[in-house]
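>>> Sequence and predicted structure are below.
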Amino acid sequence: MFNPCEFFETFDGLRIRWGSLALPSSAFRGSVILLNGRTEYLEKYAETADDLHRRGWAVYSMDWRGQGLSSRLSANRLKGHVGRFRDYLEDLARFVDLVRRRGAAPPFILMAHSMGGHIALRFLRERRHPFTCAVLTSPMIDIQLPAVPRGLLHGIIRAAVRLGGGHVFAPGARGYAHRDRIFEDNPLTSDPVRFARRLSDLTANPRLALGGVTCGWLNAALDSIERVGAPAFARGLKVPVLIVRATAERIVSRTAQVRFCRQAPDCRLVDVPGARHELLIETDAHRQVFWQAFDEFTALRAGEAPAVP
């Protein structure tokens, strides 16, 4: 579990919660910056942080602006809102600088899930950084949308934002609802124990809960997806990337992940058969596929034998 959490201030005066799990120098292999997905929070990745810690990695993570216990951006705290994805990059840059000043040491691995994977790719492509490689689970290179032409939907959402509707729920979105607590046919995990653990987090601290996205978030996401989806973006990536995909994915686009990996200079793609979107919250068998890929990939990049936790 992360050590007692702290907060740092963003360029625009928000408070971002972050936590760490350090190691004695005798056991240290490197530092992992762990980026969660939309709606997520530090507590949800306590098990993953412990898994990394046992492998010899110091871990640093944060709650994105607008979620977890970081500052929310809407009067209704259940609305998932951000005005532009560039703000996520600014927050990540400040966080990386902070943990390096606090003692985080190389080699640095960037590990990210879903929306965090999208932000990670932009950060690696657009900012100066210390990362040796990146490991992305179910990265949001594109999202699965209703059967509406992409251009039409984006045009409608963009118009809504320009007319002052940026903080309105996007079509089909809603606050955190009862059906979000039902395990059957959920798109996130096939593991009932880990699903229940997430509900326990939210029961213990309801302020962690987050609902659907606003028109502002969706417009910013679609703008950023266009940027990341351009072939030149992937071809210009200079960091080795491991993308781990869920074969029972219903949130993000698997096709976009394959296309990106084929265009990037150094990208490995691994499938986890039968897994749903949240690979790190999945069953032990599914998670083992991920950890084997992680150990092999990071050991290769660090020039050492895979760790045995």
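That came through fine.
>>> contacts and neighbour counts: CA atoms only from here.
OK.
>>> where along the protein do the strands fall?
Applying DSSP state E to the chain gives strands spanning 6-9, 15-21, 30-35, 57-62, 108-113, 131-137, 241-246, 267-272.
>>> hmm, who's touching the fourth one?
Pointing back at strand 57-62 there. 16-23, 28-36, 41-42, 49, 52-53, 99, 104 (Cα atoms under 8 Å, 6 or more residues apart in numbering).
>>> Equivalent analysis for the shortest one, please.
Residues lying outside strand 6-9 but in contact with it, judged by Cα under 8 Å, 6+ apart, are 15-19, 95.
>>> Quick check: which ranges of this protein have low pLDDT?
By pLDDT under 70, the weakly predicted segments of the chain are 177-178, 302-309.
>>> which residue is nearest the middle of it?
The residue at the geometric middle of the chain, judged as the C-alpha nearest the mean C-alpha position with Cα atoms, centre = their mean, is G116 (2.4 Å).
>>> so where's the longest helix in this structure?
Residue-count comparison of every helix in the chain, with assignments taken from DSSP state H, identifies helix 284-302 as the longest.
>>> now it, how far from the chain's geometric center?
In this view, helix 284-302 has its centroid 18 Å away from the chain centroid, taken as Cα atoms, centre = their mean, to the nearest Å.
>>> and that helix, what other elements does it pack with?
Contact analysis of helix 284-302 by 3 or more Cα pairs under 8 Å, 6 or more residues apart in numbering; DSSP states H and E lists strand 131-137, strand 241-246, strand 267-272 as its packing neighbours.
>>> Please work out which of these is packed deepest.
strand 241-246 (a mean of 24; mean count of other Cα atoms under 10 Å).
>>> Mind listing the strands it pairs with, and their directions?
If you go by DSSP bridges, strand 241-246 pairs up with strand 131-137 (parallel), strand 267-272 (parallel).
>>> For E184, find the nearest of the helices and strands packed on helix 284-302.
For the helices and strands packed on helix 284-302, distance to E184 was read as Cα to Cα. The smallest value, 17.9 Å, belongs to strand 241-246.
>>> what's the angle between that closest one and strand 108-113?
Between strand 241-246 and strand 108-113, the angle comes out at 20 degrees (axes from the mean of the first three to the mean of the last three Cα atoms, to 10 degrees).
>>> Contacts for strand 241-246, please.
Under the criterion Cα under 8 Å, 6+ apart, external residues in contact with strand 241-246 comprise 133-139, 254, 257, 261, 266-277, 279, 290, 294, 297.
>>> Output the strands of the chain as JSON lines; include the columns distance to W217.
Rendered in JSON lines, the data for these read as follows (distance: least, Cα to Cα, whole Å):
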{"stretch": "strand 6-9", "distance to W217": "21"}
{"stretch": "strand 15-21", "distance to W217": "18"}
{"stretch": "strand 30-35", "distance to W217": "18"}
{"stretch": "strand 57-62", "distance to W217": "19"}
{"stretch": "strand 108-113", "distance to W217": "18"}
{"stretch": "strand 131-137", "distance to W217": "21"}
{"stretch": "strand 241-246", "distance to W217": "24"}
{"stretch": "strand 267-272", "distance to W217": "28"}
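>>> A173 is nearest to which of those strands?
Across these, A173 has its closest neighbour in strand 108-113 (21.2 Å, Cα to Cα).
>>> I figured R84 hits W217, correct?
Yes. In this structure R84 lies within contact range of W217 using Cα atoms under 8 Å: 7.2 Å.
>>> quick one, which of those two is more surrounded?
More neighbours surround W217 than the other of R84 and W217, with 25 against 16 (other Cα atoms under 10 Å).
>>> doesn't R86 make contact with the more buried one?
No. Counting by Cα under 8 Å, R86 is not a contact partner of W217; they are 11.7 Å apart.
>>> intersection of neighbour lists for those two?
Shared contacts of W217 and R86, defined by Cα under 8 Å, 6+ apart, are not found at any residue.
>>> any idea how far L98 is from R38?
Noted for R38: a distance of 22 Å to L98, by Cα to Cα, to the nearest Å.
>>> what about D12, how many neighbours?
Neighbouring residues of D12 were enumerated by other Cα under 10 Å; the total is 9.
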